[in-house]
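[1] got a sequence here, can you model it:
(chains A, B and C)
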Amino acid sequence: MPELPEVETIAQELQILLQGKKIQAVEILRESIVRSPLTEFQAALVGRKISKVKRRAKFLIFSLEDKKHPNPLLFLVVHLRMTGQFAFQTQPHLSPSQPFSALVYPQKMVPKNQRILFDFGKETLIYYDQRALGQMAIFTPAHFQLLEKKWGVEPLGKEFTCKRLQNIIHKRKISLKTLLLDQKAIAGIGNIYASEILFAAGLHPKRIASSLNAKEAEGLHFSLLKILKMAIAEKGTTFRDYKRTRQQTGNFQNFLKVYGRAGKTCFTCKDLVQKIKQNQRSTFFCPQCQPMSV
DNA sequence: AGTAGGACCTGGTGGC
DNA sequence: TGCCACCAGGTCCTAC
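    Sure, this is the predicted structure:
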């Protein structure tokens, strides 16, 4: 579900909701999501203040501070995968005598898919994840640096110039669609925005990356930034599961030109939008607006 | 270097 | 209504 614009939206909202708040308790309802040793995970979170929430690639990075601790700064790193969601609510807290979830939902009406609960005293942050593929772990600043090195260039960073994109594509003999999904090349683009970016650029998804000329690369760079920025301005795309921190949806689904529109007429040329499989994943494109030959 | 297939998980949908 | 196959916004691993 969540790609760069969705994760960016969630990070911005969590930053406002959580900054300066101290975690009182954590309840883990699905252990497989936590990739650190469970006791270490609990110990790292409880009693720490969240000083910042930001996005990098498709990850949410929570800065956790405790000035008196030998490790004054730790990071909680979260990947939502397909169906991860954070919901913030002004509801009660954990009591040592009762399970957290029983307090929040008195009749044992624990909503489905609740996986991890973060207690802030008077407020609660709930991590939902239907498919439970999401992951979270604690990192020291040193380990976090190592992790960050594995990620591709940040498309919204100032280092992502047209020249940089040309360097990335010129040696890759894979399709443009596959390249856009390669997180080690460019970080943050997922299946929806890959199709939308290529439509905006007028490039066929099966074009080999290295075959682009300078003008086409420039167009791809421009379209990539345009689509991602528009999607962030619209708070992301709610196609099926994506919800924001107060359960609001995004709005960019109203601007999709090809994704999910197989068999429908292209808004630009009236040809029919096609759906194909690339690397076992759906790609949508307009054959007229995105010709294979230049 | 690139790709196919399976794994991780759950639930919605459409066909019979 | 029931069962089944297939689909899903992500990523990692192994085998060719």
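[2] by mean pLDDT, flag the weakest helix or strand of chain A.
    helix A:100-104 (a mean of 52; mean pLDDT, DSSP states H and E).
[3] can I get the next helix-or-strand element following that one in PDB, CA atoms only?
    Sequence order places strand A:114-119 as the next helix or strand after helix A:100-104, per DSSP states H and E. Only the C-alpha atoms of strand A:114-119 are listed here, as PDB (Å, rounded to 0.1, in the frame of the first residue of the first chain):
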ATOM      1  CA  GLN A 114      -4.300  -4.500  15.800                       C
ATOM      2  CA  ARG A 115      -0.700  -5.500  16.100                       C
ATOM      3  CA  ILE A 116       1.300  -3.100  18.300                       C
ATOM      4  CA  LEU A 117       0.000  -0.600  20.800                       C
ATOM      5  CA  PHE A 118       2.000   2.500  22.100                       C
ATOM      6  CA  ASP A 119       0.700   4.000  25.200                       C
END
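[4] centre of the chain to stretch A:76-87, how far?
    8 Å (Cα atoms, centre = their mean, to the nearest Å).
[5] could you pull out the buried residues of that stretch?
    A:76-81, A:83-87 (16 or more other Cβ atoms under 10 Å). Any C-beta I mention is one placed from the backbone N, CA and C, and that applies to glycine too.
[6] what's the answer for stretch A:269-280, then?
    Across stretch A:269-280, burial judged by 16+ other Cβ under 10 Å covers A:273-274, A:278.
[7] same check, this time on stretch A:232-248
    In terms of neighbour count (16+ other Cβ under 10 Å), stretch A:232-248 has its buried residues at A:232, A:234-239, A:241-245.
[8] contacts for it?
    Stretch A:232-248 has contacts (Cβ atoms under 8 Å, 6 or more residues apart in numbering) with A:1-6, A:8-10, A:13-14, A:17, A:82-83, A:85-88, A:130, A:192, A:231, A:249-256, A:259-260.
[9] please redo it, this time with the cut-off set to 7 Å
    A:1-2, A:5-6, A:8-10, A:13-14, A:17, A:83, A:85-88, A:130, A:192, A:231, A:249-253, A:255-256, A:260 (Cβ atoms under 7 Å, 6 or more residues apart in numbering).
[10] going through the residues you listed, which ones are buried?
    Buried residues within the contacts of stretch A:232-248, defined by neighbour count using 16+ other Cβ under 10 Å: A:1-2, A:5-6, A:8-10, A:13-14, A:17, A:83, A:85-88, A:130, A:192, A:231, A:250, A:252-253, A:256, A:260.
[11] hang on, A:W151 packs against A:A187?
    Yes - between A:W151 and A:A187 there is a contact at 4.7 Å, judged by Cβ atoms under 7 Å.
[12] and the two? Which one has more around it.
    Set A:W151 next to A:A187 and count neighbours by other Cβ atoms under 10 Å: A:A187 wins out with 22 against 16.
[13] what pLDDT does the more buried one get?
    With respect to pLDDT, A:A187 scores 96.
[14] residue contacts, the residue nearest to it when sequence neighbours are not counted?
    The shortest distance from A:A187 to any non-neighbouring residue, by Cβ to Cβ, 6 or more residues apart in numbering, is to A:A57 (3.5 Å). By Cβ under 7 Å, 6+ apart, A:A57 lies in contact with A:151, A:183, A:187-188.
[15] gap between the residue lying closest to A:V153 once chain neighbours are set aside and DNA strand B?
    Excluding the flanking residues, the one nearest A:V153 by Cβ to Cβ, 6+ apart is A:F160, at 5.2 Å. Counting by Cβ to the nearest atom of the strand, to the nearest Å, the separation of A:F160 from DNA strand B is 20 Å.
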